[in-house]
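**Q** Structure, please.
(chains A, B, C and D)
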2 protein chains.
Amino acid sequence: MAVTLHDVARLAGVSIKTVSNVINDYPHIRPVTREKVEAAIAELGYTPNLTARNLRSGRTGVIALALPDLSLAYFAELAAQVIREAEAAGLVVVVEQTGADRDRELELLRSPRLKLTDGLIFSPLGVGPEDVAALDVPYPMVLLGERIFDGPADHVTMRNVEAARAATEHLIARGRRRIAVIGAHDGESMGSATLRMRGYRQALEAAGIPYDDDIIGRTTLWHRANGADSMREILARGAEVDAVFGLNDTLALGAMRALRQADLRVPEDVAVIGFDDLDEAQFSFPTLTTVDPGREWIARTAVATLLERIAGKTDAAPRTLLADFRIRERESAV
Amino acid sequence: MAVTLHDVARLAGVSIKTVSNVINDYPHIRPVTREKVEAAIAELGYTPNLTARNLRSGRTGVIALALPDLSLAYFAELAAQVIREAEAAGLVVVVEQTGADRDRELELLRSPRLKLTDGLIFSPLGVGPEDVAALDVPYPMVLLGERIFDGPADHVTMRNVEAARAATEHLIARGRRRIAVIGAHDGESMGSATLRMRGYRQALEAAGIPYDDDIIGRTTLWHRANGADSMREILARGAEVDAVFGLNDTLALGAMRALRQADLRVPEDVAVIGFDDLDEAQFSFPTLTTVDPGREWIARTAVATLLERIAGKTDAAPRTLLADFRIRERESAV
DNA sequence: TTGAAAGCGCTAACAC
DNA sequence: GTGTTAGCGCTTTCAA
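**A** All right, here's what the predicted structure looks like:
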């Protein structure tokens, strides 16, 4: 641990600057010198002290990714992608879990731990439009998700309304007219649920299908159990249903479970569509038709955008970047 | 970003040492001085530069967690837990994905990026016993998983053999005798598959049930599709089966899918048990009986053990720490 | 109780 | 082409 530039320089019989030059691939070095230095580096097993380098350069090569919880499949897959993209850009990623808690999210934004990173990719679930002021942070940040629009930072997100509308239209085009929704939120002005509901209603309206509150399942959490419970409630009401739009895949998978327990066949009796295109959607029974919201593009764009800001593009106005989506047609809705 | 100790000291009319003392809660400071300094800190919005502090202290407060892929539910849940435990200990976690690739794993161990961290929690899937030499790294490391025993580092893992035996016995106790296995590996001397197979065979032997290679499904990968494919193959052979032991939950869930497609009822016709106790096991249809291998304990112990090593317990011999397991009884095997 | 100054290991002017 | 040197912002002896 104790080998420094000085040690290498001494052994090689040169100055530390020369060693530094070799390490940083400075072009004009005599081959002989370079070899001497490289031999010394090898002999001593020298590796640069990144902390010192960071102190000099003011950069760390580390970015933070803050999200609700890795146990949620959507965020795990998002994190996997962000880490891959960051690695390709020569960065490593510190993952922070906020538990979707507003206070913890706000605390994180002010945390001195972030000083150790070059920037933050933040997927909030607790803070909302009323907290935009707290988002005006003194370091590069890219926002993900639907909680914040017109914030003081770049924002990479998906076309929720259009994609949800397309999902609903996918069902309508297959003759379904009694399309239940699982995962609606009450009293939320801006969020995935609200936006996706808007797309749903647009599709109904365009097709001349009346909106029926009886087949709208409300859940605060988007876990599988909530999807199953919500579906059961709708069925218990005796409401007629020939399709289900799960506002995310996890809810849709939960709903499928409840449908099968109620001896309803998917897709024959009830077609099901989800949203997210989790890996799991390919392997459920039946496989889940869903919306691919462009997660890969979102991850890549978030990293690229953050890097631009880190590189000094601090003046440019905050941008909103929207991913393209597509419907992944599988067995649950054909 | 540019506020330093010097700025604070100048504003407060004291030396930087005094400011430093205040920040680090050095006991003997006159209240007046402290107040002056705190006022200056507040006015300037000073936060310490962690990089500089790290350079001095030689510690970073960052640990690395290297695992195959966050898209795999088991590792996502493990990471979630490790991050929580690390946070409780005042550490943040850099997550690195190796893709279960031996070369990438070996490269990671030597990566200078690790110099930015105080230690590594490493869950290898590519390197094996033949690579123990590479594991003798010059920084604190804790190993997870089954790939390496008697390595040069502390090792936190689960009781694979005993737990697999208990899982098999759970099925036997419920009258099952034709217990298929999904996920066996060929030509692997040490790994989860091998150990769990050992427990399976022990249970059969103890119950006087003959081992039948016809109902052993081999897969290299442990994804859901492999579980389904492997199950289908066994069924296609015409082999008689009244239970399935998925060597992990994902395989078991895949196998359940194949069973239902073959019009076999779970658990009536075929009981199914898994291994891992993923969140998902509680929400599948039917819910999955499985082995809880003690993931939470493993995460907590890995962090605690790493911290001990970081704190300087470098002399002590490497230890192997084993988690307690338990069977989570759910619908798929009653 | 507080201040002065050295130095953690590195990079980047600037000199030679 | 290579060496000297001044910091990056902080902690920490050692004095005062």
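**Q** C-alpha only now, for contacts and for neighbours.
**A** Will do.
**Q** Now the residue positioned nearest the centre of chain A: which helix or strand?
**A** Residue closest to the average C-alpha location in chain A (Cα atoms, centre = their mean): A:L78, at 4.1 Å. Taking DSSP states H and E as the definition, A:L78 sits inside helix A:73-88.
**Q** do that helix and chain B meet?
**A** Yes: counting by Cα under 8 Å from any Cα of the partner chain, chain B has neighbours in helix A:73-88: A:73, A:76-77, A:79-80, A:83-84.
**Q** Report the rounded mean pLDDT for that helix.
**A** Average pLDDT, helix A:73-88: 96.
**Q** for stretch A:25-38, same thing?
**A** 86.
**Q** Just the residues contacting that stretch, thanks.
**A** With Cα atoms under 8 Å, 6 or more residues apart in numbering or on different chains as the test, stretch A:25-38 has contacts from A:8-9, A:12, A:14, A:19, A:21-22.
**Q** tell me the SS of the spatially closest residue to A:G145 that is not a sequence neighbour?
**A** Once flanking residues are discounted, A:G145 sits nearest to A:T157: 5.4 Å by Cα to Cα, 6 or more residues apart in numbering or on different chains. For A:T157, the assignment made with DSSP: H, G, I helix; E, B strand; the rest coil gives strand.
**Q** now do A:L253
**A** Applying three-state DSSP: A:L253 is helix.
**Q** Would you confirm that it contacts A:G227?
**A** Yes: with contacts counted by Cα atoms under 8 Å, A:L253 reaches A:G227, the gap being 7.3 Å.
**Q** And the helix or strand containing A:R257, what does it pack against?
**A** Secondary structure assignment for A:R257, by DSSP H and E: helix A:249-261. Counting contacts by 3 or more Cα pairs under 8 Å, 6 or more residues apart in numbering or on different chains; DSSP states H and E, helix A:249-261 is packed against strand A:179-184, helix A:224-236, strand A:243-246, strand A:271-273.
**Q** Just the helices from chain A, written as ranges.
**A** For chain A, the helices defined by DSSP state H cover A:5-12, A:16-23, A:31-44, A:50-57, A:73-88, A:102-110, A:160-173, A:192-207, A:224-236, A:249-261, A:295-310.
**Q** how far out from the middle of the chain is the fourth one?
**A** Average the C-alpha atoms of helix A:50-57, do the same for its chain, and the two points are 30 Å apart (Cα atoms, centre = their mean, to the nearest Å).
**Q** Now do the buried residues in it.
**A** Neighbour-count burial for helix A:50-57, with 16 or more other Cα atoms under 10 Å in any protein chain shown as criterion, is recorded at A:50-52, A:54-55.
**Q** Name all residues that make contact with the residue nearest to the centre of chain A.
**A** Neighbour list for A:L78: A:295-296, A:299 [criterion: Cα under 8 Å, 6+ apart].
**Q** Please tell me which one of these counts the most neighbours.
**A** Greatest neighbour count in the contacts of A:L78, by other Cα atoms under 10 Å in any protein chain shown, goes to A:A299: 26 neighbours.
**Q** Name the nearest residue to whichever residue of chain A sits closest to chain B, sequence neighbours excluded.
**A** Nearest residue of chain A to chain B, counting by Cα to the nearest Cα: A:V94, 4.1 Å away. Distances taken as Cα to Cα, 6+ apart put B:V94 closest to A:V94, at 4.1 Å, once the chain neighbours are dropped.
**Q** For A:I182, give me its contacts.
**A** By Cα under 8 Å, 6+ apart, the contact set of A:I182 is A:216-219, A:227, A:230-231, A:244-247, A:251-252, A:255.
**Q** do A:D324 as well
**A** A:D324 touches A:158-159, A:293-294, counting by Cα under 8 Å, 6+ apart.
**Q** Considering the buried residues of helix A:50-57, which is situated nearest to DNA strand D?
**A** A:L55 (4.7 Å; Cα to the nearest atom of the strand).
**Q** Who are the contact partners of that closest one?
**A** B:51-52, B:55.
**Q** now do A:R174
**A** Applying Cα under 8 Å, 6+ apart to A:R174 gives the contacts A:V334.
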